[in-house]
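Trainee: below are the sequence and a predicted model; questions follow.
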Amino acid sequence: MKKIVTFGEALMRLSPPNYQRFLQARNFDINYGGAEANVALALANLGYDSYFVTKVPDNALGHAAIDSIRQFGVNTNYVVYGGEKLGLYFLETGSSVRASKVIYDRKNSAISSAKSDEFNWDEIFIGKDMFLVTGITPAISDNLAQITEEALKKAKNKNIEIVLDVNYRAKMWSLKKADQVMSKLLPYADIVIGFTPDILLEIDQNLDPDEHINLLKRMVEKYDLKIAASTFRTSQSANHNSLKAKLYDGKNLYTSKEYEFDIVDRVGGGDSFTTGLMSGILDEKPLQEVLEFATATSVWKHTIPGDANIVTKEEIESLAKGGSTLVQR
């Protein structure tokens, strides 16, 4: 069985129910997630040997966050316990013309003050096949950026395939700071998902889609990548979108079919694309199939409340092949 390690922050999510605004809320729904935790959970649910590495406080909330992914089969043996608090974010779910809003409360979280010697990467990476980190993790704190680079060096030295999901968050750092940090991390990557900060600094977000393809090619050449991939989303409203994806491997450009769908919960859609891409590559599928599977995985997540994508390979493959939405009896 293929073994995957992900490294990042576990988060608690608080959301007003029933599309309420923050000002209306008198109670909140609780979910646990975080980009790398979401990927670890989804991969475990798809049948892989998945390991999540993080630091959480040694209290009931920290343990609840870890239990929320352990129940799906994620290995949490390398989780570090300590620090002040669990990372937190608030989500106001949008509808129609009203966009969703996120407020972070991650300052002084347990992982933000983690130290290098708390993670034994030599032990963690024994027998592993793939390592995922996202651009969110080094954005949390300067020392976490340093730990991320140390982990990437170790993984590279052990010939572990490295996946880096850029996952740029404007509320966490500026593009200029992101470029300064990520330019040190990207050379370790084999597979990059999303556009890198240096690209984001120069492009017009309304750029013609054909030009986006050229940017994927530039990323592959600049960072000597095996694969660069990205989703392309059109938002008809906050809860009705279209989605397709493209992948470039240095020789050929692949394009997925486009889906149009209603949204139950958008959080984790990008993480699910990453999950599907990693799954397809681990299974050594042809790249067109990899991309179709990844795109269908992302679309599936939009139909599921919460951060986690609770879906089977069979359900994803059915959607990728144009499966029916009729009641299954």
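Mentor: All right, it came through fine. Predicted, not measured: the structure shown is a model, and the values here were computed from it.
Trainee: do I have it right that Ala65 meets Glu9?
Mentor: No: at 9.6 Å, Ala65 does not count as touching Glu9 under the criterion of C-beta atoms under 8 Å. No exception for glycine: its C-beta is placed from N, CA and C like everyone else's.
Trainee: find residues that contact each of these two.
Mentor: Residues touching both Ala65 and Glu9 by C-beta atoms under 8 Å, 6 or more residues apart in numbering: Ala37.
Trainee: for stretch 191-203, give me every contacting residue.
Mentor: Residues outside stretch 191-203 that contact it (C-beta under 8 Å, 6+ apart): 135, 161-168, 175-176, 178-179, 182-183, 186, 211-212, 215, 218-219, 223, 225-230, 270, 273-274, 277, 281.
Trainee: tell me the buried residues in that stretch?
Mentor: Residues of stretch 191-203 classed as buried: 191-200 (neighbour count, 16 or more other C-beta atoms under 10 Å).
Trainee: from the residues you listed, which ones fall inside helices?
Mentor: Judged by DSSP state H, helices contain the following of those: 197-200.
Trainee: want to throw those into CSV with distance to Val97?
Mentor: Formatted as CSV, these follow (distance: C-beta to C-beta, whole Å):
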residue, distance to Val97
Pro197, 30
Asp198, 33
Ile199, 30
Leu200, 26
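Trainee: of the buried residues of stretch 191-203, which is the nearest to Lys257?
Mentor: Ile193 (18.7 Å; C-beta to C-beta).
Trainee: any idea of the pLDDT on the closest one?
Mentor: Each residue has a pLDDT score; the one for Ile193 is 98.
Trainee: helices of this protein, start to end?
Mentor: Counting by DSSP H, the helices of the chain are 35-45, 60-70, 121-124, 136-140, 142-157, 175-185, 197-200, 209-223, 269-282, 287-301, 313-320.
Trainee: to Thr255, which of the ones you listed lies closest?
Mentor: Across the helices of the chain, closest to Thr255 is helix 287-301 (C-beta to C-beta), at 7.6 Å.
Trainee: the closest one: how far from the chain's middle?
Mentor: Here helix 287-301 is found 14 Å from its chain centre; the criterion is C-alpha atoms, centre = their mean, to the nearest Å.
Trainee: can you list the neighbours in contact with it?
Mentor: Outside helix 287-301, the residues touching it (C-beta under 8 Å, 6+ apart) are 42, 227, 229, 231, 243-247, 249, 252, 254-257, 259, 261, 265, 268-277, 279-281, 285, 309, 311, 315-317, 319-320.
Trainee: what's the average pLDDT for that helix?
Mentor: Averaged over helix 287-301, pLDDT sits at 97.
Trainee: CA atoms only: put it into CSV for me.
Mentor: C-alpha atoms of helix 287-301 as CSV (Å, rounded to 0.1, in the frame of the first residue of the first chain):
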residue,chain,number,x,y,z
LEU,A,287,-2.4,11.6,-17.0
GLN,A,288,-5.7,12.3,-18.7
GLU,A,289,-7.3,9.8,-16.3
VAL,A,290,-5.4,11.4,-13.4
LEU,A,291,-6.8,14.8,-14.3
GLU,A,292,-10.4,13.6,-14.8
PHE,A,293,-10.3,11.8,-11.5
ALA,A,294,-8.9,14.8,-9.7
THR,A,295,-11.5,17.2,-11.2
ALA,A,296,-14.3,14.8,-10.3
THR,A,297,-12.9,14.5,-6.8
SER,A,298,-13.1,18.2,-6.4
VAL,A,299,-16.6,18.5,-7.8
TRP,A,300,-17.8,15.7,-5.4
LYS,A,301,-16.5,17.7,-2.4
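Trainee: what's the closest of the buried residues of stretch 191-203 to Ala25?
Mentor: Distances from Ala25 to the buried residues of stretch 191-203, taken as C-beta to C-beta, are shortest for Gly194 (31.3 Å).
Trainee: for that closest one, phi and psi?
Mentor: The phi/psi pair for Gly194 (degrees, to the nearest 10) reads phi 90, psi 170.
Trainee: I'm done for today, thanks for sticking with me.
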